[in-house]
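Give me a 3D structure for the following:
(2 chains)
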Amino acid sequence: MYGFEAMTFNIHGGYLEAIVRGHRAGLLTTADYNNLCQCESLDDIKMHLSATEYGPYLQNEPSPLHTTTIVEKCTLKLVDDYKHMLCQATEPLSTFLEYITYGHMIDNVVLIVTGTLHERDVQELLEKCHPLGMFDSIATLAVAQNMRELYRLVLVDTPLAPYFSECITSEDLDDMNIEIMRNTLYKAYLEDFYRFCEKLGGATAEIMSDLLAFEADRRAVNITINSIGTELTRDDRRKLYSNFGLLYPYGHEELAVCEDIDQVRAVMEKYPPYQSIFAKLSYGESQMLDKAFYEEEVKRLCLAFEQQFHYAVFFAYMRLREQEIRNLMWISECVAQNQKSRVHDSVVFIF
Amino acid sequence: MSTAASSSWGTALVKISPYTFSAVGIAVSIGVSVLGAAWGIYITGSSLIGAAIKAPRITSKNLISVIFCEAVAIYGVIVAIILQTKLESVPSSQIYAAESLRAGYAIFASGLIVGFANLVCGLCVGIIGSSCALSDAQNSSLFVKILVIEIFGSALGLFGVIVGIIMSAQATWPTKV
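Predicted structure coming up:
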């Protein structure tokens, strides 16, 4: 019952909630980012990060550092935190935590399939996969020729199996179809996650439905903008939008017929939460849209920590860490390429 | 008392021995208070342990929350001991006299008051203690402020104890004739 979760939540979730809040206290602050933005080289970055929670992960790296090494080691920290929480969790928290990684699984599947299409080596692709989305038979993906084989050989044993019912075709895999497959899988995943959270009820359902609705709407806008000018038909585009969120169903109808960014803006400005995002962009500009969406997402994720006794703090922590790793990657790239003036273009401060 | 109203609930209730009511009252007083205290302690304890991993400094201060919950159980024990000293034997002709019934009901009510007041007080202090531990781990200036809320919460148990003890003073059994 909503409101009375405080009485029983701590039986199974109290310890882990306290752990995840402790992790959240270790996220980098504005002062840390200011120090990092003023670094001259990657070794300076490593030195500044050694004072934060990333210290133990970076200290053994030999001196000519690459940006990919920094990102890889920081991702390792996220994976360690996640695995520690997952092995301590009981149902339904363990299922919830597993749901958080299915997005990465989908990305890994698409990465390997695309890479195989472009004749890359499987081992090289496996190294680029996100560690949170690994599953046992992932290397076998390189063997499949079309989607039906993909499903039958590999994916039927993974948690992604139920999401495939909408996109099993016998067509061969090519770039366009792979993108459509990625978006269809992601749509099915978001809807499944949304239904699962609704079933959990209480504060978890309320906060997660807000966060997932924002995710669904953001993906709808990105799909629209990326498919302007491609051969994706309006009906196909309509099929890729999720069945929930603020934009469902009327916003989706309007977005499906948009042909340029200004029409998208006109549609989105009818919804007050998104009007503030689009107001930050001047007409015709879309580069800053990603950053504006990230900022809004970070704001909502931080709000999830204001309430106690629910599971959305776990989701929020994972997403905030991922945003932090994106920030670190951007800062490292700017420092490595000597373009420090552009550092603030894409860093989203969390606190 | 053979009244003509054969199956009235009032008659049935009045026929229950006042000693039954007293015993149930004493049981509820200690049992439900301890339930409340235990509930509060586990709510606080699980959060405190998890939060103390990243912020070990909070452990000694936040034991106060656990102590407040424990106090709730102690109130239950004290009242149970007081109530059991109020039990006296009366001759069997007097068991259903009005005075006896009054004494039995007084002990029953006192036990219920204390038990359920301590139940909710223990819950309240436990939940606040959990939030206190988590907030203290993030920002140590919050501890004292949240402790004030906890003190108000633990006053609820005290209210129950006070009224319970006043009620138990009503438990005067009829003197032997």
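
Disregarding residues adjacent in the polypeptide, which is nearest to residue A:212?
residue A:194 (5.0 Å; C-beta to C-beta, 6 or more residues apart in numbering or on different chains). Where you see a C-beta, it was placed from the backbone N, CA and C, and this is true even at glycine.

Would you enumerate the residues in contact with whatever residue of chain A ends up closest to chain B?
Nearest residue of chain A to chain B (C-beta to the nearest C-beta) works out as residue A:18 at 2.6 Å. Counting by C-beta atoms under 8 Å, 6 or more residues apart in numbering or on different chains, residue A:18 touches B:46-51, B:53, B:133-134, B:137.

Per the annotation, how does chain A divide into domains?
A:11-78+A:310-350, A:88-199, A:200-308 (the TED database).

Including distance to residue B:170, could those go into JSON lines?
JSON lines is the format used below for the domains of chain A (distance: least, C-beta to C-beta, whole Å):
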{"stretch": "domain A:11-78+A:310-350", "distance to residue B:170": "40"}
{"stretch": "domain A:88-199", "distance to residue B:170": "49"}
{"stretch": "domain A:200-308", "distance to residue B:170": "42"}
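
Reformat those domains into a markdown table and put mean pLDDT and distance to residue B:91 next to each item.
Formatted as a markdown table, the domains of chain A follow (pLDDT from 0 to 100; distance: least, C-beta to C-beta, whole Å):
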| stretch | mean pLDDT | distance to residue B:91 |
| --- | --- | --- |
| domain A:11-78+A:310-350 | 90 | 51 |
| domain A:88-199 | 86 | 58 |
| domain A:200-308 | 88 | 58 |
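
re the thing from before, can you tell me the helix or strand for the residue nearest to residue A:212?
Using DSSP states H and E, residue A:194 maps to helix A:175-200.

What are the boundaries of the helices in chain B?
Along chain B, the stretches classed as helices by DSSP state H are B:9-14, B:18-54, B:58-85, B:98-138, B:142-168.

ok, back up a step: which pair of the contacts of residue A:18 spans the longest distance?
B:46 and B:137 (13.6 Å; C-beta to C-beta).

returning to what we had before: can you mark which positions in the helix holding residue A:194 are buried?
For helix A:175-200, a neighbour-count test (16 or more other C-beta atoms under 10 Å in any protein chain shown) marks A:177-191, A:193-194, A:196-197, A:200 as buried.

Packing partners of that helix?
The elements that helix A:175-200 packs onto, with contact taken as 3 or more C-beta pairs under 8 Å, 6 or more residues apart in numbering or on different chains; DSSP states H and E, are helix A:93-117, helix A:202-227.

quick check: angle from that helix to helix A:93-117?
Angle of helix A:175-200 versus helix A:93-117, following axes from the mean of the first three to the mean of the last three C-alpha atoms, to 10 degrees, is 180 degrees.

The closest residue to residue A:129 other than its chain neighbours - how many residues pack around it?
With sequence-adjacent residues excluded and distances taken as C-beta to C-beta, 6+ apart, residue A:129 is closest to residue A:108, at 4.3 Å. Applying other C-beta atoms under 10 Å in any protein chain shown, we find 23 residues neighbouring residue A:108.

didn't residue A:108 look like it was pressed against residue A:131?
No - under the criterion of C-beta atoms under 8 Å, residue A:108 makes no contact with residue A:131, lying 9.3 Å away.

re earlier: is it true that the residue nearest to residue A:212 touches residue A:244?
Yes - here residue A:194 reaches residue A:244: they are 5.5 Å apart, a contact under C-beta under 8 Å.

which residues are in contact with both of these two?
The contact sets of residue A:194 and residue A:244 overlap at A:209, A:212-213, A:216 (C-beta under 8 Å, 6+ apart).

Now, of those residues, which are buried?
So, by 16+ other C-beta under 10 Å, the buried ones in these are A:209, A:212-213, A:216.

can you tell me which two in the residues you listed are farthest apart?
A:209 and A:216 (10.1 Å).

what residues are shared contacts of these two?
Common neighbours of residue A:209 and residue A:216 (C-beta under 8 Å, 6+ apart) are A:194, A:244.

With adjacent residues omitted, what lies nearest to residue A:44?
Closest to residue A:44 by C-beta to C-beta, 6+ apart is residue A:335, at 7.7 Å.

now the one you found, what's its secondary structure?
helix (DSSP: H, G, I helix; E, B strand; the rest coil).

My guess is it contacts residue A:42. True?
Yes - between residue A:335 and residue A:42 a contact is recorded at 6.3 Å, counting by C-beta under 8 Å.

Now for the closest residue to chain A within chain B: which residues touch it?
Distance from chain A to each residue of chain B (C-beta to the nearest C-beta) is smallest for residue B:50, at 2.6 Å. By C-beta under 8 Å, 6+ apart, the contact set of residue B:50 is A:14-19, A:21-22.

repeat that for 7 Å
Counting by C-beta atoms under 7 Å, 6 or more residues apart in numbering or on different chains, residue B:50 makes contact with A:14-19.

same deal with residue A:45?
A:36, A:39, A:70, A:332, A:335.

go with 8 Å
A:36, A:39, A:65, A:70, A:328, A:331-332, A:335.

Name only those of these that count as buried.
Taking 16+ other C-beta under 10 Å as the criterion, what is buried in those is A:36, A:39, A:65, A:70, A:328, A:331-332, A:335.

how about the nearest residue to the residue minimising distance to the centre of chain B, chain neighbours excluded?
Geometric centre of chain B, nearest residue: residue B:115, 2.8 Å, by C-alpha atoms, centre = their mean. Ranked by C-beta to C-beta, 6+ apart and with sequence neighbours excluded, the top spatial neighbour of residue B:115 is residue B:32, at 3.4 Å.

roughly how far apart are that neighbour and residue A:327?
52 Å (C-beta to C-beta, to the nearest Å).

for the closest residue to the residue of chain B closest to chain A other than its chain neighbours, phi and psi?
Distances taken as C-beta to C-beta, 6+ apart place residue A:18 nearest to residue B:50, at 2.6 Å, with adjacent residues excluded. Backbone torsions for residue A:18, taken as degrees, to the nearest 10, come to phi -60, psi -40.

need the contact list for the nearest residue to residue A:187 once chain neighbours are set aside.
Nearest non-adjacent residue to residue A:187, counting by C-beta to C-beta, 6+ apart: residue A:242, 5.0 Å away. Residues near residue A:242 by C-beta under 8 Å, 6+ apart: A:187, A:190-191, A:194, A:216, A:219-220, A:248.

I'd guess residue A:242 is in a helix, am I close?
No - Residue A:242 is assigned coil when assessed by three-state DSSP, not a helix.

Can you report phi and psi for it?
When read as degrees, to the nearest 10, the backbone of residue A:242 gives phi -80, psi 160.

go on, residue B:141?
Torsion angles at residue B:141 (phi, psi; degrees, to the nearest 10) stand at phi -70, psi -10.

and the helices of chain B, which is most packed in?
By mean neighbour count, with neighbours taken as mean count of other C-beta atoms under 10 Å in any protein chain shown, helix B:98-138 ranks first of the helices of chain B at a mean of 24.

can I get the helices of chain B in a markdown table with mean pLDDT and distance to residue A:47?
As requested, the helices of chain B are exported to a markdown table (pLDDT from 0 to 100; distance: least, C-beta to C-beta, whole Å):
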| stretch | mean pLDDT | distance to residue A:47 |
| --- | --- | --- |
| helix B:9-14 | 86 | 79 |
| helix B:18-54 | 96 | 23 |
| helix B:58-85 | 95 | 30 |
| helix B:98-138 | 95 | 27 |
| helix B:142-168 | 95 | 33 |
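
Quick one: those as JSON lines, columns for distance to residue A:310 too.
Formatted as JSON lines, these follow (distance: least, C-beta to C-beta, whole Å):
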{"stretch": "helix B:9-14", "distance to residue A:310": "45"}
{"stretch": "helix B:18-54", "distance to residue A:310": "14"}
{"stretch": "helix B:58-85", "distance to residue A:310": "21"}
{"stretch": "helix B:98-138", "distance to residue A:310": "13"}
{"stretch": "helix B:142-168", "distance to residue A:310": "20"}
